[in-house]
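The following block contains a protein sequence and its predicted model.
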Amino acid sequence: MSFRGIYPLTDDAFMDRPGHEEAIGAVTRAGIAMLQFRAKHGNREKTRRQASRLLAICRERRVPLIINDDVELCARSGADGVHLGTADGDIAGARAVLGAKAIIGATCHDSLELARCAQDQGADYVAFGRFFPSVSKPEAPPARLEILAQARKSLDLPIAAIGGVKPGNSSVLLAAGADLLAVIHEIFGASDPGAAARELVRAYTAFSGR
């Protein structure tokens, strides 16, 4: 797979909304790179059902599904990988459970040291942010654009940027060194998530020439 493009993040609250499957289906048809599922509100049985349904939608479009924080849910659902925060366990442990082919991403906030450590432990990509004011996570600590350029020079991993990403600011992040643009509210807070995803994909393509 290619670790380049738009990387939408949805959650279990969105999965309770009317028309959510149609919306997610439209997002997966927009040309995205991966989709992440963040289970923050429901019980275990419910989130397993949601993850299984999401995986079925993603499989139809050959879009990798990444589970946020939860190695067990990833393993049980058969998802393609997991994204780990700084307090969500170590990468080596996740790799031992999920296997060599699993995609493992790591949150690094604004820390090149965390990113280097994630690379040494076998992460497949690292994520920095937030770079702009965020509706979804307004309390998240800010990150400097310079961290993307520093990571590009010193790491051999794909780099994701998150936090307030919109079509109008995507080129700033890409020019600084991002490969993946992780997006929550701009897509799943929109009245038409599929159209919002397509607009972000167009902005990415216009910059990268792909």
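Structure's in. What do you need?

And the closest residue to residue 102 other than its chain neighbours, its phi and psi?
The shortest distance from residue 102 to any residue other than its chain neighbours is 4.7 Å, reached at residue 81 (CB to CB, 6 or more residues apart in numbering). Every residue, glycine included, has its C-beta placed from N, CA and C. Main-chain torsions, residue 81, degrees, to the nearest 10: phi 180, psi -170.

I figured residue 81 hits residue 104, correct?
Yes - using CB atoms under 8 Å, residue 81 is in contact with residue 104, at 5.7 Å.

overlap in contacts of those two?
98, 124 (CB atoms under 8 Å, 6 or more residues apart in numbering).

Was I right to think residue 54 contacts residue 37?
Yes - Residue 54 is within contact range of residue 37, at 5.4 Å (criterion: CB under 8 Å).

which neighbours do these two share?
10, 65.

more crowded one of these two?
residue 37 (28 against 25; other CB atoms under 10 Å).

contacting residues around whichever strand or helix holds that one?
Using DSSP states H and E, residue 37 sits in strand 35-38. The contact list for strand 35-38 (CB under 8 Å, 6+ apart) reads 7-12, 24, 27-28, 50-51, 54, 58, 63-69, 79, 83, 182.

Show me the residues you listed that map onto helices.
Those of those mapping onto helices are 24, 27, 28, 50, 51, 54, 58, per DSSP state H.

Which of those residues sits closest to residue 147?
The shortest approach to residue 147 among those belongs to residue 27, at 27.7 Å (CB to CB).

Is it correct that the closest one is in contact with residue 6?
No - when contacts are counted by CB under 8 Å, residue 27 is not listed as touching residue 6 (9.1 Å).

quick one on the thing from earlier: next one: the residue nearest to residue 102, what pLDDT does it get?
What the model reports for residue 81 is a pLDDT of 98.

That one: neighbouring residues, count only.
23.

try the one 4 residues further on
Number of residues near residue 85 (other CB under 10 Å) recorded here: 14.

List the contacts of it.
By CB under 8 Å, 6+ apart, the neighbours of residue 85 are 68, 69, 107.

that older thread, want to throw the ones in helices among the contacts of strand 35-38 into JSON lines with pLDDT?
What follows is those, written out as JSON lines (pLDDT from 0 to 100):
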{"residue": "24", "pLDDT": "97"}
{"residue": "27", "pLDDT": "98"}
{"residue": "28", "pLDDT": "98"}
{"residue": "50", "pLDDT": "92"}
{"residue": "51", "pLDDT": "94"}
{"residue": "54", "pLDDT": "96"}
{"residue": "58", "pLDDT": "97"}
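
Please identify, among these, the one with the most neighbours.
residue 27 (30 neighbours).

how near is that residue to residue 75?
24 Å (CB to CB, to the nearest Å).

same thing with residue 67?
9 Å.

So between these two, which is more surrounded?
Using other CB under 10 Å, the more surrounded residue of residue 67 and residue 75 is residue 67, with 27 against 16.
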